[in-house]
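*Asks:* Pasted the sequence and its predicted model underneath.
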Amino acid sequence: MIRTPRRILAPWLVATVLVVLSAAAPAGTALRVAPDWKDIARVSRASVSIEVCVEPPLRRGHPIHDPLWAALKSLGADAAHFQPYNVFPRLAVAELQPPANGHASWDFSLMDPIAEDFMQATAGHPVVFNIGTLPAWIFRTREPVVLPEDPDEPYWTYSEFNAVTLDASTLKLAADYQARLAGWYLNGGFRDEYGKWHESGHHYDVAYWEVLNDPDFEGSLSPADYTKLYDAIVLAVHKVAPRLKFMGPVVGDISHAEYFTYFLDPHNHLPDVPLDMISYHMFVLPDSDESPQVMTYTFYQQADKYLLAASYIDALRRRFVPNARTDVVDVATELPDPLAPVLTKPIPRSYWSLSGGVFAYLYGKLALLGVDVVGASELIDSPGIVAASTLADWETGKPNARYRVTKLLRDNFGPGDRLVRPPSYNVLQPDPAPQIYAQAFISPRGEQRILLVNKRDAAFELTVPGAAGGDIQQVDQTTDGPVTRQRVTADQLNLPGLAVAVVTLPGHASGATR
């Protein structure tokens with residue numbers, strides 16, 4: 001979850017890079033996509049998911065409340081993230097004032113309706129709760145925090161508690177606060193600091209509790225301090241909900257390698273603290289002077305850098321916590337000045353298609369790496385709140401191309417798919433078709449499917465042997481509604497500029513179930 005504009009770089013991944021220039025296939029040239037269906041690289045574990053950050057349009061009574069929650073329900077994603085966060089403290093923090101004189105300020109009146117709508121929209125699917133913004137008073141801020149009276153007004157500095165000292169008292173306050181949140185939503189209520197029972201009636205089935213959010217930005221916590229908070233919170237919440245599983249470190253910028261080298265090392269944790277899943281975010285942000293055409297190159301170049309980082313993180317996971325799963329949540333592209341309250345010009349349809357393509361590309365690559373969850377960010381954003389990351393129109397609530405691609409992936413791919421090994425090219429030889437990304441999957445029922453991503457804003461002719469008689473589902477710049485299946489009449493296909501498509505070959509169902 002980006003909270004401040006930034007360029008994400010990975011200096012710890014710098015290596016000698018050989019750049020090979022070649023005459024790539026021009027638009028109109030026929031490209032051949034012919035997977036070796038017998039060469040299986042691995043079995044996928046990757047679910048397509050989504051992050052739902054709590055923002056004002058999700059509140060009851062808002063004009064686009066209904067279509068937003070309908071879109072989440074239609075997606076049918078596993079491991080969707082419920083995430084109230086620090087930009088809207090009145091929607092994200094249930095105890096804004098410290099307990100005093102026998103009275104505690106617990107108030108769930110704003111958070112609860114959104115949590116209830118989230119649970120209804122995700123019914124039947126495992127979910128992740130990240131109510132990660134801690135009350136500012138826990139860290140003994142020098143000045144009282146004066147919040148806007150309007151809960152819908154953003155307040156960007158709520159979590160600025162730099163250089164805090166995490167003594168035993170502070171750790172206990174944070175842990176107790178999180179444990180009471182878990183009690184409220186999982187166990188029907190909790191006793192406050194003075195022993196008074198607060199009844200919620202909620203007994204939600206939550207699969208994972210994600211500990212805090214963007215610790216490298218919210219509070220600028222060091223890896224050691226985050227690890228201390230993680231341990232204290234997990235031990236406290238685990239007492240309240242013994243069956244709950246836990247996620248961390250929720251790093252916002254994966255160039256902060258020190259978080260992973262420190263946090264994943266069991267020697268830096270208290271005994272018996274579980275880490276069931278590691279999580280981190282992945283953003284693509286262009287330079288301010290990039291044209292849309294240039295972005296079709298740089299977005300994928302940045303994505304490849306992040307995939308190198310993901311490979312490094314996975315190597316640490318296998319070394320330190322091999323049984324932990326991985327959730328790459330909050331996958332998004334952005335535009336320069338993401339927090340601008342007013343857009344200087346409308347975001348073009350081509351951008352939404354390009355962004356959807358980048359997500360599809362990262363999903364296929366991360367599935368091949370062995371990642372368990374790949375989550376699109378976010379259900380709703382708007383000008384001033386990272387507008388270019390939204391999955392739905394902030395005025396109408398209508399899903400955009402980013403959402404359509406996410407649903408296309410969710411409907412066609414998931415855990416249990418066999419991933420066909422993609423062709424590997426010698427580092428000294430250029431990719432003969434860099435404009436097109438293709439990844440072949442074999443579903444548990446035996447369907448042979450190919451994910452196609454056109455990385456350029458120009459149409460390409462493809463030859464896909466065996467495609468005739470199958471079908472194609474496609475999201476492109478003309479898509480204005482739910483994706484439909486179209487019959488494929490020949491092995492030759494035309495893939496429009498920035499399109500994402502799934503081609504299903506005919507006659508390969510085995511009768512098995514996913």
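*Replies:* Done, it's in.

*Asks:* As a check, name the ranges of all helices in this structure.
*Replies:* 65-75, 89-92, 111-121, 168-186, 223-240, 257-263, 292-320, 349-369, 401-412 (DSSP state H).

*Asks:* Dump stretch 424-443 to CSV, keeping only the CA atoms.
*Replies:* Output in CSV follows, covering the C-alpha atoms of stretch 424-443 (Å, rounded to 0.1, in the frame of the first residue of the first chain):
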residue,chain,number,x,y,z
SER,A,424,14.5,-20.1,-22.2
TYR,A,425,16.7,-17.9,-24.2
ASN,A,426,20.5,-17.7,-23.9
VAL,A,427,21.5,-14.5,-22.2
LEU,A,428,23.6,-13.7,-25.2
GLN,A,429,20.6,-14.1,-27.6
PRO,A,430,17.7,-11.7,-27.7
ASP,A,431,14.2,-12.8,-27.1
PRO,A,432,12.8,-13.2,-30.7
ALA,A,433,9.4,-11.9,-29.6
PRO,A,434,9.7,-9.5,-26.6
GLN,A,435,6.4,-7.9,-27.4
ILE,A,436,4.3,-10.9,-26.4
TYR,A,437,4.3,-12.8,-23.1
ALA,A,438,3.0,-16.3,-23.2
GLN,A,439,2.6,-18.8,-20.3
ALA,A,440,0.9,-22.2,-20.8
PHE,A,441,-1.1,-23.9,-18.1
ILE,A,442,-2.8,-27.3,-17.9
SER,A,443,-5.7,-27.3,-15.5
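
*Asks:* Can you list the buried residues in that stretch?
*Replies:* Going by neighbour count (16 or more other CB atoms under 10 Å), the buried part of stretch 424-443 is Ala433, Gln435, Ile436, Tyr437, Ala438, Gln439, Ala440, Phe441, Ile442, Ser443. (C-beta placed from N, C-alpha, C; glycine too.)

*Asks:* can I get the helices of the chain in CSV with mean pLDDT, distance to Asn130 and mean neighbour count?
*Replies:* Output for the helices of the chain, formatted as CSV (pLDDT from 0 to 100; distance: least, CB to CB, whole Å; neighbours: other CB atoms under 10 Å):
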stretch, mean pLDDT, distance to Asn130, mean neighbour count
helix 65-75, 98, 16, 19
helix 89-92, 97, 10, 22
helix 111-121, 98, 12, 18
helix 168-186, 97, 11, 20
helix 223-240, 97, 12, 21
helix 257-263, 94, 16, 19
helix 292-320, 96, 19, 17
helix 349-369, 98, 20, 24
helix 401-412, 98, 19, 24
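
*Asks:* Need the worst-confidence member of the buried residues of stretch 424-443.
*Replies:* Lowest pLDDT of those: Ala433, 83.

*Asks:* was I right about Tyr259 contacting Ala224?
*Replies:* No. With contact defined as CB atoms under 8 Å, Tyr259 and Ala224 do not form a contacting pair (10.1 Å).

*Asks:* ok so, going back, pipe the helices of the chain into JSON lines and attach distance to Val483 per row.
*Replies:* What follows is the helices of the chain, written out as JSON lines (distance: least, CB to CB, whole Å):
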{"stretch": "helix 65-75", "distance to Val483": "12"}
{"stretch": "helix 89-92", "distance to Val483": "32"}
{"stretch": "helix 111-121", "distance to Val483": "20"}
{"stretch": "helix 168-186", "distance to Val483": "34"}
{"stretch": "helix 223-240", "distance to Val483": "39"}
{"stretch": "helix 257-263", "distance to Val483": "36"}
{"stretch": "helix 292-320", "distance to Val483": "22"}
{"stretch": "helix 349-369", "distance to Val483": "11"}
{"stretch": "helix 401-412", "distance to Val483": "5"}
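
*Asks:* So which of these is nearest Val331?
*Replies:* helix 349-369 (5.8 Å; CB to CB).

*Asks:* For that closest one, C-alpha coordinates in CSV please.
*Replies:* The C-alpha coordinates for helix 349-369 follow below in CSV (Å, rounded to 0.1, in the frame of the first residue of the first chain):
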residue,chain,number,x,y,z
ARG,A,349,-8.0,3.7,-21.5
SER,A,350,-4.7,2.5,-22.7
TYR,A,351,-3.2,2.9,-19.2
TRP,A,352,-5.8,0.6,-17.6
SER,A,353,-5.1,-2.0,-20.3
LEU,A,354,-1.3,-1.7,-19.8
SER,A,355,-1.7,-2.0,-16.0
GLY,A,356,-3.9,-5.1,-16.4
GLY,A,357,-1.3,-6.6,-18.6
VAL,A,358,1.5,-6.0,-16.1
PHE,A,359,-0.6,-7.7,-13.4
ALA,A,360,-1.2,-10.7,-15.7
TYR,A,361,2.5,-10.9,-16.5
LEU,A,362,3.5,-10.8,-12.8
TYR,A,363,0.9,-13.4,-12.0
GLY,A,364,2.3,-15.8,-14.5
LYS,A,365,5.9,-15.2,-13.4
LEU,A,366,5.2,-15.3,-9.7
ALA,A,367,3.2,-18.6,-10.1
LEU,A,368,6.2,-20.0,-11.8
LEU,A,369,8.3,-18.9,-8.9
